[in-house]
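*Asks:* Sequence first, then the predicted structure:
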Amino acid sequence: MNGDLDARVLRDVFGLFATGVTVVTGRKASGEPVGVTANSFSSVSLAPPLVLWCLQRESTSLDAFAVGRAFAVHVLRLEQEHEAMHFARRAAGKFPQQAFAAPGAPPLVEGALCRLDCAVEAQHPGGDHTIIVGRVTRLASGAGEPLVFQGGVFGRFAPLPRARHVEAWETFSGDWF
Ligand SMILES: Cc1cc2nc3c(=O)[nH]c(=O)nc-3n(C[C@H](O)[C@H](O)[C@H](O)COP(=O)(O)O)c2cc1C
């Protein structure tokens with residue numbers, strides 16, 4: 001590999017990493033609701049409870065995610081491909097008119113696997129993206145299967161035949177298997 005990274009190849013290689021799919025919602029200072037499909041979401045820290053996601057700097061929604069503002073991450077269920085594509089459009093008015101009615105609270109995407117209510121803790125520069133770090137203030141979760149994104153297509157998660165539960169936040173000594 002040389003220093004001249006081809007943008008298409010870079011996209012394809014980044015896309016090999018399988019992720020879940022989220023819709024992040026918030027409100028501009030005017031109260032206008034915004035929602036963005038994002039697969040850059042990641043958990044960061046348990047104590048304090050922090051998450052991050054990355055937003056394109058050219059996003060029309062950027063000012064809804066200024067430091068201190070409330071936002072909500074909705075982890076999509078398998079059946080929510082339609083919502084994923086709806087919020088991936090560059091357009092105003094992704095929410096119905098009623099969503100303007102509840103000032104302050106980030107709009108709800110119904111039927112998600114979980115919702116994490118957050119406050120923007122920090123913004124960091126990340127090239128053509130802005131890294132948004134949020135402190136989790138409230139959680140709500142339901143049941144269901146997650147929507148997965150890999151190689152530019154949506155799919156489902158299939159556990160291995162003898163999959164064991166692994167606690168990723170704990171440190172183990174000894175052998176895993
Ligand atoms: C599966 C998927 C994942 C995406 N992940 C991100 C992301 O992590 N960050 C981002 O800025 N845009 C991401 N996008 C694109 C945005 O959803 C889209 O550009 C955005 O909704 C544009 O609207 P806006 O200008 O109102 O922000 C993703 C799109 C798809 C389909």
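*Replies:* Arrived safely, thanks for sending. Numbering: from 1, shown residues only.
*Asks:* Every contact and neighbour count from this point should use C-alpha atoms.
*Replies:* OK.
*Asks:* so who does Pro146 touch?
*Replies:* Gly20, Val75, Leu76, Arg77, Leu78, Leu113, Arg156, Phe157 (CA atoms under 8 Å, 6 or more residues apart in numbering).
*Asks:* Get me the contact residues on this structure for the ligand.
*Replies:* 36-40, 54-56, 59-61, 85, 87-91 (CA under 6 Å from any ligand atom).
*Asks:* Please indicate which of the contacts of Pro146 are buried?
*Replies:* Buried by 16 or more other CA atoms under 10 Å: Gly20, Val75, Leu76, Arg77, Leu78, Leu113, out of those.
*Asks:* Just give the nearest non-adjacent residue to the fifth one, would you?
*Replies:* It stands for Leu78. Nearest non-adjacent residue to Leu78, counting by CA to CA, 6 or more residues apart in numbering: Leu147, 4.0 Å away.
*Asks:* Tell me if I'm right that that neighbour and Val153 touch.
*Replies:* No - the pair Leu147 / Val153 is not scored as a contact, 10.4 Å apart, by CA atoms under 8 Å.
*Asks:* Restricted to strands, list the residues of the chain next to the ligand.
*Replies:* Counting by DSSP state E, the residues of the chain next to the ligand place Val36, Thr37, Ala38, Cys54, Leu55, Gln56 in strands.
*Asks:* which of these are buried?
*Replies:* Val36, Thr37, Ala38, Cys54, Leu55.
*Asks:* could the residues you listed be laid out in TSV, adding pLDDT?
*Replies:* Output for these, formatted as TSV (pLDDT from 0 to 100):
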residue	pLDDT
Val36	97
Thr37	98
Ala38	98
Cys54	98
Leu55	98
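*Asks:* returning to what we had before: which of the contacts of Pro146 fall within strands?
*Replies:* Gly20, Val75, Arg156.
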